[in-house]
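Give me a model of this one.
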Amino acid sequence: MQYQTLPQLDEKVSKICLGTMTWGQQNTQDDAHAQMDMALSEGVNFWDTAEMYPSPPDKDKQGDTERFMGTWFSKTKQRDKVILASKMSPMSFLRDGKSRYTAEHISAAIDDNLQRLQTDYIDIYQLHWPERQANFFGQRGYNEDMAAQPLEDLTPFLETIKALNDEIKKGRIRAYGLSNDTAWGLMRYLWEADKNGLIAPITVQNPYSLLNRLYEVNMAEISHRENVGLLAYSPLGFGVLSGKYLDGKRPEGARLTKYDRFERYVNEQAKSATEQYAKIAAEAGLDMAQMSLAFVNSRSFVTSNIIGATNTEQLKSNIDSIDLTLDSDVLDAIEAIHTRQPNPSP
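All right, here's what the predicted structure looks like:
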C-alpha cells in the first residue's frame, strides 16, 4: 500500500480509501464486516462513510452504513487503526427536513454519527454537499437558477467554520473537509478561515474518473496551491469503467441495473468513451478496472482514491490497483480519448 500524509493531522492515510455507500442496500452487515477485515489486512487504513448512507438514500435504512461500521469497531476493538471520515447532509429529510450547516445542526448530526459509529471521535468530518444550489451531482454547468439564490438565505460560511472549529476543540472531530463543492465554495471556506484565524478544510471529496476529469479544470490547482487534497469518489463511474456494462449488459444485482438514477454514466458519449478505454486495457493486457483506478491513483492532487465493492473479490482486485503503474503509451492513449470526448459523465 502507498500512503499520503494528511495536512494538519500529520497522519499517513492509504492512497486507497474504503468506500461504504452500498452497505445496507447491496451489502449486509456480514458483507460489510468482511470488507473491513480485508481492507485493514491489505493496509487500507482510511475509511469513508456518511450519515445519509446507504445510497440511494432511504429513510428506513438511513444510518445503517455507520451502524455496520460501529458494530465492527465494537467487535474488533480496532478503531485506533482506522482514519475515519464521515459526513453530514443539508437540505434532506434529516433533522425534520430542516437540515442546515448551522452550529445546532452540526452538533446534533455529530451526536448521531458518533452513536451509530460507536466511537468518540471522527478524524475528518465532511459537509456532504453545499447548502447552496451549485453544479454538482451530474450538473455540468452553473445556471441562472443557481445564480438567483441569495446567499443571505443560507447559513453563513463563518458560522459553519466556527462550529466545526468548536467540534475540533471538543475533540469530537479532528479535522474537516468539503464534498461535492466547487472552486468558489472551496476558496470561500479557505478565505473565511484564514481571515478569522480559524482551522480550514483539509480535503474535498468530489467525483473523479476517466469519465469525469472536471476536477482538473480549476479545482486541481487549489489542491496544489492550498494543500487541500482530493478524495476521489466514483473512480469507476459506478462500475462502468470495470467494463461490466459494455454492449448494453446489465448484470443482475449491479448498481446501474438496480438504480436508474445514475444513468449519466451510461449516456451515449460515456458508452463510446468506455468502449475506447476498454480497448486500451485489452491491448495493454490490463484489467480495465485496475487501469482506471491506477490512473486516478497516479494524479498528484489525489490524496486518496475511494473504492467501493459489493464483494471481497472485487475489493481485493480494486485494492491491488495500487501496485499498477501505467506506462507512457497507455497514458498517451488515455489522453487522446479524453481530448476527443472529455468528461462525458459530469
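
Next, W72: secondary structure please.
helix (DSSP: H, G, I helix; E, B strand; the rest coil).

scratch that, P201
Recorded secondary structure, P201: coil (three-state DSSP).

residues in contact with it?
Neighbour list for P201: A175, Y176, G177, L178, L186, Y189, L190, A193, V228 [criterion: C-beta atoms under 8 Å, 6 or more residues apart in numbering]. All C-beta spots, glycine's among them, are computed from the backbone N, C-alpha and C.

repeat for S300
H224.

quick one: it and S223, what's the gap?
8 Å (C-beta to C-beta, to the nearest Å).

ranges for the strands of the stretch 201-346 of the chain?
203-207, 229-233, 302-307 (DSSP state E, counting those that start in this stretch).

of all the ones you listed, which lies closest to Q26?
Closest approach to Q26 among the strands of the stretch 201-346 of the chain is made by strand 302-307 (14.6 Å; C-beta to C-beta).

In PDB, please show the C-alpha coordinates belonging to the closest one.
Provided in PDB are the C-alpha atoms of strand 302-307 (Å, rounded to 0.1, in the frame of the first residue of the first chain):
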ATOM      1  CA  VAL A 302      -5.400  13.000  -5.200                       C
ATOM      2  CA  THR A 303      -4.900  12.300  -1.500                       C
ATOM      3  CA  SER A 304      -6.900   9.100  -1.600                       C
ATOM      4  CA  ASN A 305      -9.000   7.100  -4.100                       C
ATOM      5  CA  ILE A 306     -12.300   5.900  -2.700                       C
ATOM      6  CA  ILE A 307     -13.200   2.500  -3.900                       C
END
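
strand partners of that strand, parallel vs antiparallel please.
The pairing partners recorded for strand 302-307 under DSSP bridges are strand 16-19 (parallel), strand 229-233 (parallel).

Next, the angle from the longest one to strand 203-207.
Okay, so that is strand 229-233. Angle of strand 229-233 versus strand 203-207, following axes from the mean of the first three to the mean of the last three C-alpha atoms, to 10 degrees, is 30 degrees.

circling back to that earlier point, neighbour count, pLDDT and distance to V13 for the contacts of P201 - can I get that in CSV?
Below are the contacts of P201 laid out as CSV (neighbours: other C-beta atoms under 10 Å; pLDDT from 0 to 100; distance: C-beta to C-beta, whole Å):
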residue, neighbour count, pLDDT, distance to V13
A175, 22, 97, 11
Y176, 28, 98, 15
G177, 25, 98, 12
L178, 24, 98, 17
L186, 22, 98, 20
Y189, 25, 98, 21
L190, 19, 98, 21
A193, 20, 98, 21
V228, 23, 96, 14
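
where does the stretch 201-346 of the chain dip in pLDDT?
Filtered on pLDDT under 70, the stretch 201-346 of the chain yields the residue ranges 253-254, 257-258, 260-262.

Mind jotting down where the helices sit in it?
In the stretch 201-346 of the chain, the segments counted as helices under DSSP state H, counting those that start in this stretch are 215-226, 255-258, 268-284, 288-297, 312-319, 328-340.
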